[in-house]
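Peer 1: model this:
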Amino acid sequence: MMKGIKDVLTRRSSSDNSGEIKFGKPKNKTKALDTPSIQLHPTESPPPVDDKRSEKSKKRKKTEAILPNDQAQKLPTSPPPNTTAIKSTVTSSSIAKTIRQELIMKPNAMSKLKASITPKDTVLPVGKSPRRRKSSRFHIHDQLQQDLERYPHFKGKSENKGRRRKTFFLEVPVSQRQELFSRKLAQCTVLFDFTEPTAHIKSKEIKRQALQELTEYVAVTKNAVPDILYPKVIRMVSVNLFRTIPPPLNPLEEEELDEDEEDPVLESAWPHLQLVYEFFLRFVESPDFNVQLAKKYIDEQFILQVLDLFDSEDPRERDLLKTTLHRLYGKFLGHRAFIRKSINHIFYQYIYETDRFNGIAELLEILGRQGRKLHTCIINGFALPLKQEHKTFLFKALVPLHKPSGIASYYPQLVYCVVQFLEKDSGLTKEVVSQLLRLWPKTNSAKEVMFLNEMEEIIDITDSPTFSQMMAPFCQRLASSIGSTHFQVAERALLFWNNDYFLNLLHDHIQELLPILYPVLYENAKIHWNRTIHTLIYNALKLTMDMNGQLFDQCSKNYQLELQNREKHKSDRDRIWKKLEDMALDEKQPKN
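Peer 2: Residues are numbered from 1 along each chain as shown. Purely as a prediction, here's the structure:
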């Protein structure tokens with residue numbers, strides 16, 4: 001038996017003489033792939049096939065089959081021969097047939113295979129925002145993704161599991177906590193690639209627990225971070241947070257204002273990033289935080305890198321960044337002017353260059369809006385009278401932010417900032433309204449509705465003397481919006497008559513404003529196509545008539561005279577043109 005196996009191992013296949021087998025696509029699907037290398041005459045018979053190997057294999061199988069089960073189990077166990085030798089007993093023609101059956105696929109299956117292999121150009125519909133990658137591009141090398149060692153907890157921690165009480169972390173003496181803190185900081189400096197969920201699972205969990213322990217320790221322990229560890233803390237935060245934010249994959253146009261928002265691309269490394277943000281916030285908010293020492297490490301370059309992170313597409317990160325920057329603005333008085341200047345630069349770049357930045361709303365919220373986590377806002381803290389720097393910020397940054405087409409993403413925060421400026425100094429109202437009227441959208445109806453909303457917010461904080469300075473251009477624009485064929489624009493303009501404060505201002509200046517508003521109200525009451533607009537116009541006409549009926553009648557008479565003058569002017573114009581046409585025809589006729 002061993003001799004037969006040895007012969008099988010040393011014998012060459014009978015098909016070796018045919019040369020290398022090529023698995024090309026055959027013309028006839030039923031024809032074998034391996035053809036003999038010698039051309040045969042049609043009357044000649046093919047050479048006999050060496051069947052010795054097959055006979056021996058059949059004889060060996062027959063011998064094994066007739067053995068009883070108990071004898072087969074008592075056979076001596078010897079190491080099995082090489083599997084490649086056993087597979088070599090199959091002829092090359094049978095292998096070729098098997099491979100050929102796998103290669104011969106149905107047309108639809110082959111087309112699916114080609115479609116999956118052929119690269120395609122992903123074309124998004126017009127108006128869709130470009131999508132980012134699943135995660136930021138951390139500069140992670142395989143050598144740096146080392147396995148971490150679990151260190152003990154700062155204080156004793158145990159957990160009950162069934163009847164046994166298992167202690168995970170032992171009590172660490174106070175004298176050794178600084179060294180343990182430093183080691184855990186070093187552990188948290190190691191970065192991991194979260195694009196591969198199954199890689200370094202244990203080390204990722206160790207780092208997550210270390211970040212949680214550091215955050216809890218800083219929050220509850222007095223003088224938890226000695227001065228000597230400040231550079232290590234800032235280095236750990238910088239290594240984890242500061243990274244390159246990937247650009248959009250498809251440089252398409254900005255999405256329309258009325259388009260449904262897509263789901264944001266979330267950061268895959270968020271389990272670690274969130275804990276790093278929370279640790280840094282606890283570190284800065286701690287009562288024993290040394291601002292003078294931290295200035296050496298939290299410098300202007302650090303601030304710029306924090307501001308760059310506002311371009312992250314993950315809203316969770318932008319929300320924590322908003323709180324972080326506000327804490328830095330409150331702690332570091334020397335960096336306040338630089339932070340405002342850097343925010344202005346981001347706005348300038350967004351308005352005049354890129355037209356893309358994800359964190360505009362969050363930056364505006366830091367400046368003006370009082371959120372749940374922001375106890376104060378920057379604009380509200382400006383001293384009176386306003387400095388020229390703050391006025392420049394209003395007219396060169398906030399007002400031009402009305403230009404981009406993506407205003408819908410930060411419109412509420414922008415309006416809040418503008419209104420807070422005007423509450424600080426009402427003397428700026430006329431200039432702000434003048435610039436807004438200059439930037440008024442002509443073809444974008446959704447944006448025009450936003451402008452009308454903002455104008456109503458501004459009017460609500462404007463006193464009567466200030467309103468008198470800009471009421472004429474404002475009411476002319478309001479009349480133009482009432483006459484818009486877009487019913488939402490006209491409806492929003494007519495809703496001003498539901499504002500009691502606007503009606504009071506209108507009543508105070510009815511002599512100047514009613515002649516501007518009456519013609520458009522009267523015309524659209526007859527010719528506008530929307531019935532809702534008709535109802536709102538009748539309501540506006542009734543309210544204005546109740547304010548001053550005599551003036552209302554006078555405006556009606558003046559409008560009728562204006563209509564008659566229009567008709568007369570039109571008839572005179574038509575008569576003159578008719579006369580010119582007749583004169584031209586007379587000149588063309590030949591003279592007899």
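Peer 1: can we go C-alpha only for contacts and neighbour counts from here?
Peer 2: OK.
Peer 1: can you map out the helices along the stretch 451-592 of the chain?
Peer 2: Here the stretch 451-592 of the chain has its helices, by DSSP state H, counting those that start in this stretch, at 464-482, 487-494, 500-508, 510-527, 531-547, 549-588.
Peer 1: Could I get the CA-only coordinates of the fifth one as CSV?
Peer 2: Spelled out, that is helix 531-547. C-alpha atoms of helix 531-547 as CSV (Å, rounded to 0.1, in the frame of the first residue of the first chain):
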residue,chain,number,x,y,z
ARG,A,531,-57.6,83.8,-2.7
THR,A,532,-55.7,83.8,0.6
ILE,A,533,-53.9,86.9,-0.6
HIS,A,534,-57.2,88.5,-1.4
THR,A,535,-58.4,87.9,2.2
LEU,A,536,-55.2,89.3,3.7
ILE,A,537,-55.4,92.4,1.4
TYR,A,538,-58.9,93.2,2.4
ASN,A,539,-57.9,92.9,6.1
ALA,A,540,-55.0,95.3,5.5
LEU,A,541,-57.2,97.8,3.7
LYS,A,542,-59.8,97.7,6.5
LEU,A,543,-57.1,98.4,9.1
THR,A,544,-55.6,101.3,7.2
MET,A,545,-59.0,102.7,6.5
ASP,A,546,-59.8,102.6,10.3
MET,A,547,-56.6,104.5,11.0
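Peer 1: List of residues touching it?
Peer 2: Defining contact as Cα atoms under 8 Å, 6 or more residues apart in numbering, one finds that helix 531-547 is touched by 487, 490-491, 494-495, 497, 507, 510, 514, 518, 521, 524-526, 528, 552.
Peer 1: The residues you listed, buried ones only, as a ChimeraX selection?
Peer 2: Here is the ChimeraX selection string for the buried members of the contacts of helix 531-547, based on 16 or more other Cα atoms under 10 Å:
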select :487,490,491,494,495,497,507,510,514,518,521,524,525,528,552
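Peer 1: now, which of the contacts of helix 531-547 sits nearest Leu293?
Peer 2: Among the contacts of helix 531-547, Leu495 lies closest to Leu293 (Cα to Cα), at 56.6 Å.
Peer 1: hang on, isn't Val418 packed against Leu398?
Peer 2: Yes: assessed by Cα atoms under 8 Å, Val418 is found in contact with Leu398 at 7.1 Å.
Peer 1: which of those two has more neighbours?
Peer 2: The neighbour comparison of Val418 against Leu398 (other Cα atoms under 10 Å) goes to Val418, with 22 against 19.
Peer 1: residues contacting the nearest residue to Phe496 once chain neighbours are set aside?
Peer 2: Spatial nearest neighbour of Phe496, chain neighbours left out: Phe502 (6.7 Å); criterion: Cα to Cα, 6 or more residues apart in numbering. Residues counted as contacts of Phe502 (Cα under 8 Å, 6+ apart) are 459-460, 496.
Peer 1: Redo these as CSV? Include pLDDT and neighbour count.
Peer 2: Converted to CSV, those look like this (pLDDT from 0 to 100; neighbours: other Cα atoms under 10 Å):
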residue, pLDDT, neighbour count
Ile459, 96, 19
Asp460, 95, 15
Phe496, 97, 18
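Peer 1: my guess is Asn240 meets Pro271, correct?
Peer 2: No: using Cα under 8 Å, Asn240 makes no contact with Pro271, being 11.6 Å away.
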